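Undergrad: coords please:
(one chain, ligands or ions: 1)
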Amino acid sequence: MRFNQKQFKTALQQVKEQLSLQVELPTTPLHIFETLPSTNQTLWELLNQGATIPRVVIAAQQTAGRGQWGRQWQSSIGGLYLSVAVAPHLKASNSAHLTLSSAWGIARALRSYGIPVLLKWPNDLLLLDLKLGGILTETRVQQGQITKAVIGIGINWSNIVPESGINLQSFCQQQLNPQVTSLEMLAAIALQGLLSGYQYWLEFGIESLLPSYLELLHSLGSQVIVDGKPGIITGVTPTGELRVSVNSSTGSSDISLKPGRISLGYSSKP
Ligand code: BTN
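TA: A predicted model of the protein is given here:
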């Protein structure tokens, strides 16, 4: 097995202490696989068979990893592939809260370990302007309410990454005193971070979380072009849309863009 469960459980406890978290995980069922198509898919299959929530699935590799916009997520050995099932009872129109709170929680947890991660709207983790990882949230909706959600995280550890990506192990190896030393430790930081972001959102709501999310938003204040007009990114709305102040000959106006309306791009490696 390429993912060491014992090492992971020890790391979960260490991370909880280091981050002074209240999140208790000992009773959360955990399924670890060597290879599967997609941790999100397997978690849905378990839920469809009556598995309880919360629940976590981790795989050492995926053969059909799912990315945003129906893209494939390259999932070779060495990366982190982890999904968490939650039951939020949230309006479907607010589904972005799950991705925003998870990304925020993971970024904050990684930053506590000396990794200067930023957020790229709507669902990416950035390191040195390159893609470190991404989040894919899938939901089941009944009568306009999300009853179940699977939040999947992919983070590059020692796997090969595309031109716009970065892997965390290489970054850590260049640090004087690296604090993240294994895939299992990264998994523990990501899981505790995700759950602490989720708990914070459950307790205090999105309005309270957003100011802190914006402090980590990579492109805040950047210039963008929307429908041929220049604008400046000014924030993210409580429903997860990108807020842009657009200039035209008649003055400036605020608009909100749904995910997918514009692409913010990445830097490329030197
Ligand atoms: C993105 O496109 O940026 C989101 C990628 C999310 C990938 C993760 S890997 C674990 C989980 N299982 C999947 O099939 N996808 C998510």
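
Undergrad: Might you calculate how far the host helix or strand of residue 247 sits from the centre of the chain?
TA: In the assignment (DSSP states H and E), residue 247 maps to strand 242-248. Relative to its parent chain, strand 242-248 has a centroid offset of 26 Å by CA atoms, centre = their mean, to the nearest Å.

Undergrad: Run through who's touching that strand.
TA: 121-122, 224, 226, 229-237, 252-257, 259, 261-262 (CB atoms under 8 Å, 6 or more residues apart in numbering). (C-beta placed from N, C-alpha, C; glycine too.)

Undergrad: and what of stretch 206-213?
TA: Against stretch 206-213 from outside (CB under 8 Å, 6+ apart): 94, 97, 100-101, 103-104, 108, 119, 197, 200-201, 235-236, 238.

Undergrad: Would you mark the buried spots in the helix or strand just after the strand holding residue 247?
TA: Toward the C-terminus, strand 242-248 is succeeded by strand 251-257 as the next helix or strand (DSSP H and E). Neighbour-count burial for strand 251-257 flags residue 257 (criterion: 16 or more other CB atoms under 10 Å).

Undergrad: what does strand 251-257 contact?
TA: By CB under 8 Å, 6+ apart, strand 251-257 touches 226, 231, 234, 237, 239, 241, 242, 243, 244, 245, 246.

Undergrad: which bits of this structure sit near the ligand?
TA: Residues of the chain lying close to the ligand (CB under 6 Å from any ligand atom) are 38-40, 62, 65-68, 71, 73, 81-83, 123-124, 134-136, 152-154.

Undergrad: What strand or helix carries the residue nearest to residue 222 when sequence neighbours are not counted?
TA: Distances taken as CB to CB, 6 or more residues apart in numbering place residue 233 nearest to residue 222, at 5.2 Å, with adjacent residues excluded. If you go by DSSP H and E, residue 233 is part of strand 229-236.

Undergrad: Fine by me, thanks again.
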